[in-house]
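[1] Predicted model follows, preceded by the sequence.
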Amino acid sequence: MTIGSGTAAGAGSAAGAGSAAGNGRTALVVGATGIAGSALVDTLVGEGWAVLALSRRPGAERPGVRWLSADLTSASSLAAVLGPENPSHVYFTAWSRRATEEENIAVNAGMVRDLLGALQGKDVSHVALMTGLKHYLGPFEAYAAGEMPDTPFHEEEPRLPVPNFYYAQEDELWAAAAGQGFTWSVHRAHTVIGHAVGNAMNMGLTLAAQATLCRDSGEPFVFPGSETQWNGLTDMTDAGLLAEHMLWASTTPEAANQAFNIVNGDVFRWRWMWPKLAAYFGVEWEGYQGEPRPLEQSMAGRGDQWRQLAAHHNLSEPELGRVASWWHTDGDLGRGIEVVTDMGKSRDAGFMGYRRTLDAFTSLFDRYRADNLIP
C-alpha cells in the first residue's frame, strides 16, 4: 500500500519538519485522505495541531499540514520517511483489503507493526487505532457466520474464535506500547460516513451515486438489503464524530489504554431512513420486497451513464468506480442480523459527542454537492 506524496502550504511554517503548532503537539495521521483520516485532519487543524499526513495522494494544501509519502507495507520505506519526524500522537486509520483474512492479517497487522517500529525511540505519547464492528461480527469471509454476542455490542466481549485482522492489529499495538512506553486507544466504529473519494467502504457516497443514477434514468431508489436490516434497529458513525472521539481518547488520561465503541448515539430503522434519503434526492423509492436486490447487480454497467452525468453537470469525478463501493453497501445492508452498539463506556469516561444520523447524511450530501461530486 503506497502512501502518496506532496507538500502542502504550511510546510516550513506551522507544520515544519515534525515541529509542533501552537498547542505543542504534532499528529501523524495515517490514511489522511480516507473517510476517517480526512475528518481527523480537519479536526486536528481546527484545534491548532501540526499535522503530518500520510495518504496515497496529497490532499488539499492548507496551513498546518504537510504530506508525507511512504509504502506502508515496507519497513525500510517507513523508516526512511519517518526518520526525520517526531510526532507526539499517531492516528492510524489506513487498511489494505486482501483476498483472504490470512492475507489481511499479514498485511494490515504488518503495517501497524512496521509503522510503530519506525517511530521507536521518538517522543510518541499516544497511538489511536481505528478498527470496527467486525471485532464482534467476524471478518468478511466469516461475517456474521458464527455465534456472536448479543446486541448492543459491549467492549468487554471476548474475541470470536476466528482469525481477524483487527485482533492482530490490536496485538501489534499492545506489543509496541509495552516496548515503547506510549499509551493507546482502539476505536471500534460502525459504518462510517464521511467525505472521501476512491474509498473502498463508502456508504454515504455510494447511496448518493445510486440515487443520482436512479433519478437520471427514472428508476425508483431501491433498498438493496435484507428484511432484517429494513425492519430492525441499527446505528452508524459520522466521520467527524469519530475524529472527535479519537482526539478525546488520545488527550484524556482516563481514556488511556482502552478500547471504545464509537457510533453516533442514535438508532434508526432503514424503513424510516430510506424515504427521507429519497426525498432529499427527489426520487421515488421502494423498500424491501421479498428478497435483497444487491447494488452490485442493479448498478452493474453504469459507468458510461455516470460519465455522461459527470460531463453534463461538470462533476469532479467521472469514474463511477471511485465514487461507489457497491459491494460494501450490499454487505452492510444485506446482513441478516441486528447490529446495535453500546456507547456507555465512552459516556462514563466523559465523551458526550453525538450526531443525529439523518442530519449526518444530509449534511454530507450537501457537501458532496458543494464539491461537485454529485449534481
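    Okay, I see it.

[2] show me where the stretch 251-375 of the chain has helices.
    Ranges of helices in the stretch 251-375 of the chain, per DSSP state H, counting those that start in this stretch, are 270-281, 295-298, 303-313, 326-333, 344-349, 357-370.

[3] Can you pull the poorly scored residue ranges out of the stretch 151-300 of the chain?
    For the stretch 151-300 of the chain, applying pLDDT under 70 flags the ranges 200.

[4] can you rerun that using 80?
    198-201 (pLDDT under 80).

[5] What ranges does it have for its strands?
    183-189, 192-193, 221-222, 233-234, 237-238, 258-262, 268-269, 285-286 (DSSP state E, counting those that start in this stretch).

[6] ok, now the stretch 1-150 of the chain?
    Remark: strands assigned in the stretch 1-150 of the chain by DSSP E, counting those that start in this stretch are 2-3, 26-30, 50-54, 65-68, 70-71, 89-92, 126-132.

[7] Correct me if wrong: residue 208 contacts residue 367.
    No - counting by C-beta atoms under 8 Å, residue 208 stays clear of residue 367, with 10.3 Å between them. Backbone N, C-alpha and C define where each C-beta goes, glycine included.

[8] between these two, which one's more packed in?
    Neighbour count, other C-beta atoms under 10 Å: between residue 208 and residue 367, residue 208 has more, with 23 against 14.

[9] Just the pLDDT for the nearest residue to that one once chain neighbours are set aside.
    Computed as C-beta to C-beta, 6 or more residues apart in numbering, the closest residue to residue 208 that is not its neighbour in sequence is residue 374, at 5.0 Å. Predicted confidence (pLDDT) for residue 374: 97.

[10] re the thing from before, including mean pLDDT, could the strands of the stretch 1-150 of the chain go into JSON lines?
    Formatted as JSON lines, the strands of the stretch 1-150 of the chain follow (pLDDT from 0 to 100):
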{"stretch": "strand 2-3", "mean pLDDT": "42"}
{"stretch": "strand 26-30", "mean pLDDT": "98"}
{"stretch": "strand 50-54", "mean pLDDT": "96"}
{"stretch": "strand 65-68", "mean pLDDT": "96"}
{"stretch": "strand 70-71", "mean pLDDT": "89"}
{"stretch": "strand 89-92", "mean pLDDT": "98"}
{"stretch": "strand 126-132", "mean pLDDT": "98"}
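
[11] export those to CSV and tack on mean neighbour count and distance to residue 108?
    Output for the strands of the stretch 1-150 of the chain, formatted as CSV (neighbours: other C-beta atoms under 10 Å; distance: least, C-beta to C-beta, whole Å):
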stretch, mean neighbour count, distance to residue 108
strand 2-3, 19, 14
strand 26-30, 29, 12
strand 50-54, 27, 15
strand 65-68, 26, 19
strand 70-71, 20, 14
strand 89-92, 26, 10
strand 126-132, 25, 10
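
[12] right, and those - which one's nearest residue 304?
    Nearest of the strands of the stretch 1-150 of the chain to residue 304, taken as C-beta to C-beta: strand 2-3 at 29.7 Å.

[13] ok, now how distant is the closest residue in space to residue 40 that isn't next to it in sequence from residue 249?
    With sequence-adjacent residues excluded and distances taken as C-beta to C-beta, 6+ apart, residue 40 is closest to residue 243, at 4.5 Å. Shown here: residue 243 relative to residue 249, a distance of 11 Å by C-beta to C-beta, to the nearest Å.

[14] And residue 169, by the same measure?
    Following C-beta to C-beta, the distance that separates residue 169 from residue 249 is 16 Å.

[15] quick revisit: to residue 299, which of the strands of the stretch 1-150 of the chain lies closest?
    The closest of these to residue 299 is strand 126-132. By C-beta to C-beta, the value is 24.0 Å.

[16] Show me what the closest one is packed up against.
    On a contact count with 3 or more C-beta pairs under 8 Å, 6 or more residues apart in numbering; DSSP states H and E, strand 126-132 meets strand 89-92, helix 165-180, strand 183-189, helix 239-251.

[17] same for the last one, what does it pack against?
    If contacts are counted by 3+ C-beta pairs under 8 Å, 6+ apart, helix 239-251 sits against helix 35-46, strand 89-92, strand 126-132, strand 183-189, strand 192-193, strand 258-262.

[18] thought residue 47 was touching residue 247?
    Yes - assessed by C-beta under 8 Å, residue 47 is found in contact with residue 247 at 6.9 Å.

[19] who's more crowded, those two?
    Comparing residue 47 with residue 247 by other C-beta under 10 Å, the one with more neighbours is residue 247, at 20 against 15.

[20] tell me the contacts of the more buried one?
    Contacts of residue 247 were listed using C-beta atoms under 8 Å, 6 or more residues apart in numbering, and they are 40, 43, 44, 47.

[21] Can you say which of those are buried?
    Using 16 or more other C-beta atoms under 10 Å as the burial test, the contacts of residue 247 include 40, 43, 44 as buried.

[22] sorry, back to before: what residues are shared contacts of residue 47 and residue 247?
    Taking C-beta under 8 Å, 6+ apart as the contact rule, residue 47 and residue 247 have no neighbour in common.

[23] rewinding a little: can you list the strands of the stretch 1-150 of the chain in JSON lines and add distance to residue 119?
    Formatted as JSON lines, the strands of the stretch 1-150 of the chain follow (distance: least, C-beta to C-beta, whole Å):
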{"stretch": "strand 2-3", "distance to residue 119": "15"}
{"stretch": "strand 26-30", "distance to residue 119": "8"}
{"stretch": "strand 50-54", "distance to residue 119": "11"}
{"stretch": "strand 65-68", "distance to residue 119": "13"}
{"stretch": "strand 70-71", "distance to residue 119": "12"}
{"stretch": "strand 89-92", "distance to residue 119": "7"}
{"stretch": "strand 126-132", "distance to residue 119": "9"}
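
[24] Would you mind writing the CA trace of stretch 82-98 as CSV?
    Output of stretch 82-98 as CSV, limited to C-alpha atoms (Å, rounded to 0.1, in the frame of the first residue of the first chain):
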residue,chain,number,x,y,z
LEU,A,82,9.6,8.9,9.3
GLY,A,83,13.2,9.1,10.3
PRO,A,84,13.3,13.0,10.4
GLU,A,85,9.8,13.2,12.0
ASN,A,86,8.9,13.2,15.7
PRO,A,87,5.1,13.1,16.2
SER,A,88,3.6,13.3,19.7
HIS,A,89,0.4,11.4,18.7
VAL,A,90,-0.3,8.9,16.0
TYR,A,91,-3.8,8.2,14.5
PHE,A,92,-3.9,5.0,12.4
THR,A,93,-6.9,4.8,10.0
ALA,A,94,-5.5,3.0,7.0
TRP,A,95,-6.1,-0.5,5.8
SER,A,96,-5.5,-2.6,2.7
ARG,A,97,-8.2,-5.1,1.6
ARG,A,98,-6.8,-8.5,0.6
